[in-house]
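Participant: Whatever this is, show me its structure:
(chains A and B)
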Amino acid sequence: MNTAMVLLAIGTIVIASLYFVNKKEDHGWAGTMVKYSSAAYPSPGLGHKGDGEKQAEPVGLLPDQAQPGSVTLVSFGAEGAVSLADEDAAAKASGTLFGYDPFKIMYYVSAVLGLFGIIAAAWFHGPKGLAGLGIGNRVEPAKVRMDAIAARFGPIPRWAENKWYVDEFYHAIVVKPLLVASHVFHAIDKLVIDGIVDLLGSLPRFLGSLLRPSQSGVLHSYATGMVAGSAVLVALIVLVALL
Amino acid sequence: MSLLHLLILIPLLFALIVAFAPAHLSRTIATMGSLVSFGPLLVAMFRFDWADGGSLQFVSSYDWIADMGVRLGVGVDSVSLLLIALTVLLGPICVICSHTAVTENVKVFYGWLTGLQAAMVGVFAATDLVGFYICFEFTLLPMYVLINLYGSKNRKRAATKFFLYTFTGSIIALAGLIYVVFHHRSLEGVWTFDIPTLATTAAQLPLQAQSLVLLALMLGFAVKVPLFPVHTWLPLAHTEAPTAGSVILAGVLLKLGTYGIYRFVLGFVPEAVVEYASLIAVLSVIGIVYAGLICWVQKDVKKLVAYSSVSHLGFCVLGLVALNSVGATGSVLYMINHGLSTGALFLCIGMIYERYHTRSMDELGGLASTMPIWSSFMVFFVMASVGLPGLNGFVSEFMCIIGTFQSSPAWVLEGRIGAAGGSLGPWFAFAAGSGVIVAAMYLLYMTGRVVWGTPRQPADYHEHPELPKDLSRREIGLLSVLAVGCLGLGVYPTPLIEAIEPSVERTLAPYQDLLEERARQLSLDEGEG
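Facilitator: Below is the predicted model of the structure:
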């Protein structure tokens, strides 16, 4: 028995009963909670694309001008906010699902599915006795009705037992690419960007090493340089004079 | 003689005393010197008119080179004063945290560290371009010495790279600033280096010239901040610096860059900023995400926090170029908050390094079992850095992102509430927001391995006689001061925000019309096109 779930269920029922137990007009505290919650209204929020009509307009709750302190459902259309006080306008604005209010459908469908799930779980996996709702047959931990027929469902039981591989999926789709990106960025930072900076940093030294031989202190090379330089100058002067 | 002159001169004086006093006294003298500064600071903070925070107060100047209009001027508005407060707070923390870490060449260390404090206060207090620039450059010298002499393995390379890189940037910024001075001279016929005066004339530059000045200034300050492509000096410098060096580097010196952007880029060349804000924002956003992802694969804890500084200061600059009140206020708040939380992170890492002489995540792990007090502080400051609501990082990060989100020209034209025109918008905010997730990724991963995880110790670990296994009372005291700051600013940032707002309003005043003009221009283009 899952204690936490049982406590939650009991707690929900207790709090819900506060609504019905309170005989006042507005059902007291619980009634206020219901009144101001979105559950009291049909399909608040963005509506569905209506049955072939133009796309439904967004709906929401605004303070009610007529009754201060309460809210009213309005639809934000092209002409401004239109109040949807009655069910027909609300249904038209928010759309219907097979002709019924989508929110009511949601209540019933989810309740039915939930009950079905509970009964199926009890039948397939439940222990003998009260915890299995009287229909389970598990006595030893590893022998349930499901085991006999699990093989017929192919890979689905394996998926279910491994949390649908959601963690592995996220790891492959999000974590791994980001890690790869991080390593790539790190490499870019170290090699490319820092490489450029270091290149620029070693430029002065490199240029210096190119120019250093001219300051060798070997007088012959100085003399050679002077002769070569004056020869070039004379050649230039002669050329310019000729032209 | 104003209180600000005192705040600059006191550390300078104590630095000189350290230089001439015997070595065994340097520690005490430096501690005293950095603590004495609290006196004038508290007086200044009490007498400051916070309601009028946008205007310069405690103004005082001395003539220096009268013919060129160069004066030793000081004056603070609320942003400057708050950053000075941060400096004066972190100064003694750096000195005190090095009490056991530095045992040789103590005079040099403490002398330069105290002198550094004077230079940093000088940067924030200066109203004169020459004074600003001198102090700006003067901060490089002590850092060079500190990293070179007292750093780790790769220190010489780190010190040289740090010095040359930031120096090159600031030289280019100086070129831009001198251009502004020349322009003022040609306009008004008189030389002046006074920052408020120059701000009024610089705004009259044509857009072409303003763009060039913007480029020059941004190159200088972007290197200091650091912004994305010019950030590579930071991991090296931070990793190799001694603990005190890292703390003051991350805590205050990076803010010199953002303060420069706030005061000079936003103040001098509004048209160009409006024009290029999205470009700067793109660089910031790239910095946020790129540096954040690099943090994730780091093995060296200090390098991880260093890259995280790049990431966080991307938020800071993003808030500044959002060009609205929320963003800029968030950005200035971020400067202060980042100084506290990242400074504290470096302190924590430094304490580990003193004991284990390693910063590698391969060799350190599960330290919570042997150092529970340290672990508590580490987790606390990691949470502050991540941006956990309730601690200081969240407020400033949130404001920067909101400012970015609202800074969209389309919104201004649609007249949505709170929009304040600009060149950014929801996409930038989305990208910046993903940076918050990345921050959580790498910081929590690091914490998980170092603080929890399998207990690991380096192979050559030996206990130090003078250092207790967990934190000593001195270290607990230092971290508590910063922790109180982080928690207080996280839970109740309102006084700070209200203090910053007047200055921000005044700085952003010329942008209102420019942004509306630009928004209208964009809608006209779209209408025609």
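
Participant: Count residues in the vicinity of residue 214, would you?
Facilitator: No chain in the question, so chain A it is. Taking other Cβ atoms under 10 Å in any protein chain shown as the criterion, the count of residues near A:S214 is 9. All C-beta atoms are positioned from the backbone trio N, CA, C, and that covers glycine.

Participant: oops, I was thinking of chain B
Facilitator: Neighbours of B:L214 (other Cβ under 10 Å): 24.

Participant: Can you tell me, leaving aside adjacent residues, what's nearest to it?
Facilitator: B:A272 (4.0 Å; Cβ to Cβ, 6 or more residues apart in numbering or on different chains).

Participant: helix or strand for that neighbour, which one?
Facilitator: helix B:270-296 (DSSP states H and E).

Participant: ok, A:S202 to B:S170 distance?
Facilitator: Separation of A:S202 from B:S170 (Cβ to Cβ, to the nearest Å) stands at 21 Å.

Participant: Burial check on residue 206, number of neighbours?
Facilitator: Using chain A. Neighbours around A:F206, by other Cβ under 10 Å: 10.

Participant: hmm, I had chain B in mind actually
Facilitator: 9.

Participant: Report the helix or strand with the lowest average pLDDT across chain A.
Facilitator: helix A:87-94 (a mean of 58; mean pLDDT, DSSP states H and E).

Participant: Just after that helix, pick out the following helix or strand.
Facilitator: Taking DSSP H and E, what comes next after helix A:87-94 is helix A:102-125.

Participant: who does that next one touch, helix- and strand-wise?
Facilitator: helix A:145-150 (3 or more Cβ pairs under 8 Å, 6 or more residues apart in numbering or on different chains; DSSP states H and E).

Participant: Could you give the separation of the helix or strand following the helix it packs on from the chain centroid?
Facilitator: Note on helix A:145-150: by DSSP H and E, the next helix or strand toward the C-terminus is helix A:156-161. Computed by Cα atoms, centre = their mean, to the nearest Å, the separation of helix A:156-161 from the middle of its chain amounts to 24 Å.

Participant: what's in contact with helix A:156-161?
Facilitator: Contact partners of helix A:156-161, identified using Cβ atoms under 8 Å, 6 or more residues apart in numbering or on different chains, comprise A:146, A:150, A:165.

Participant: What is the neighbour count of the residue lying closest to the last one once chain neighbours are set aside?
Facilitator: The shortest distance from A:Y165 to any non-neighbouring residue, by Cβ to Cβ, 6+ apart, is to A:W159 (6.5 Å). A:W159 has 13 neighbouring residues, counting by other Cβ under 10 Å.

Participant: likewise B:F381?
Facilitator: Counted with other Cβ under 10 Å, B:F381 comes out at 28.

Participant: likewise A:G117?
Facilitator: Neighbour count for A:G117, taken as other Cβ under 10 Å: 10.

Participant: Equivalent analysis for B:L489, please.
Facilitator: 24.

Participant: now swap in the one 4 residues further on and tell me
Facilitator: Number of residues near B:P493 (other Cβ under 10 Å) recorded here: 20.

Participant: Assess the claim that it and B:Y334 are in contact.
Facilitator: No. Counting by Cβ atoms under 8 Å, B:Y334 is not a contact partner of B:P493; they are 11.1 Å apart.

Participant: intersection of neighbour lists for those two?
Facilitator: B:S396.

Participant: circling back: A:S202 and B:S170: who's more crowded?
Facilitator: A direct count of neighbours by other Cβ under 10 Å for A:S202 and B:S170 places B:S170 higher, at 24 against 11.

Participant: ok, that one touching B:C135?
Facilitator: No. If you go by Cβ under 8 Å, B:S170 and B:C135 don't touch, sitting 11.3 Å apart.

Participant: Report the mean per-residue pLDDT for stretch B:177-196.
Facilitator: Here stretch B:177-196 scores 92 as its mean pLDDT.

Participant: What residues of that stretch count as buried?
Facilitator: Within stretch B:177-196, the residues that count as buried by 16 or more other Cβ atoms under 10 Å in any protein chain shown are B:177, B:179-181, B:183-184, B:192-195.

Participant: In CSV, list those along with secondary structure and distance to A:L61.
Facilitator: Formatted as CSV, those follow (DSSP: H, G, I helix; E, B strand; the rest coil; distance: Cβ to Cβ, whole Å):
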residue, secondary structure, distance to A:L61
B:L177, helix, 57
B:Y179, helix, 58
B:V180, helix, 56
B:V181, helix, 60
B:H183, helix, 58
B:H184, helix, 59
B:T192, coil, 61
B:F193, coil, 61
B:D194, strand, 58
B:I195, helix, 53
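
Participant: Those residues: which two are farthest apart?
Facilitator: Farthest apart among these by Cβ to Cβ are B:Y179 and B:D194. That separation is 16.0 Å.

Participant: count of residues packed around B:V252?
Facilitator: Residues near B:V252, counting by other Cβ under 10 Å: 29.

Participant: Contacts only, for the closest residue to B:A216 other than its chain neighbours.
Facilitator: Distances taken as Cβ to Cβ, 6+ apart put B:G176 closest to B:A216, at 2.9 Å, once the chain neighbours are dropped. B:G176 makes contacts with B:212-217, B:220, as judged by Cβ under 8 Å, 6+ apart.

Participant: gap between B:G176 and chain A?
Facilitator: 20 Å (Cβ to the nearest Cβ, to the nearest Å).

Participant: could you measure that residue against B:V265, distance?
Facilitator: 9 Å.

Participant: burial measure for the closest residue to B:F221 other than its chain neighbours, as a count.
Facilitator: Spatial nearest neighbour of B:F221, excluding adjacent residues (Cβ to Cβ, 6+ apart): B:G260 at 4.1 Å. Residues near B:G260, counting by other Cβ under 10 Å, number 25.
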